[in-house]
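Novice: Whatever this is, show me its structure:
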Amino acid sequence: MPSFLASRLRMALVMSVAVYPVVTLYLYVLMPLTTGWDIWQRSLVLVPCMASTIVLVVVPLIGRHFGAFIAGTKRAAS
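Specialist: Purely as a prediction, here's the structure:
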């Protein structure tokens, strides 16, 4: 398997594990506040919150803590 494919698969795995709780938390908060709204209206509120959280919080944390795993390199002993 090419290394770029392996690293993308590892990134997808880590992102899925990291994003799932964020999505779930936002849904638990948003659903009671938007009772009676259409799905497109909920999505209009949810997507900017999700995208901002992922870009500003989740991706930097993943890069810091799982960068070596995603790249397929061993982490230097500290």
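
Novice: residue contacts, the residue nearest the centre of the chain?
Specialist: What sits nearest the mean C-alpha location of the chain, by Cα atoms, centre = their mean, is Val19, with 3.1 Å. Each residue near Val19 by Cβ atoms under 8 Å, 6 or more residues apart in numbering is listed here: Ile54, Val58. (Glycine included, C-beta is placed from N, CA and C.)

Novice: How about the one 5 residues further on?
Specialist: Applying Cβ under 8 Å, 6+ apart, we find Thr24 in contact with no residue.

Novice: And it, how close does it get to Gly72?
Specialist: 29 Å (Cβ to Cβ, to the nearest Å).

Novice: need the next SSE after the helix or strand hosting the residue nearest to the centre of the chain, C-terminal direction.
Specialist: Assigned by DSSP states H and E, Val19 belongs to helix 3-33. Of the helices and strands lying after helix 3-33 in sequence (DSSP H and E), the nearest is helix 39-53.

Novice: For that next one, name the packing helices and strands.
Specialist: If you count contacts as 3 or more Cβ pairs under 8 Å, 6 or more residues apart in numbering; DSSP states H and E, helix 39-53 packs onto helix 3-33.

Novice: Any regions of this protein where pLDDT drops low?
Specialist: Low-confidence segments of the chain (pLDDT under 70): 1, 74-78.

Novice: mind redoing it with 80?
Specialist: Residue ranges of the chain with pLDDT under 80: 1-4, 74-78.
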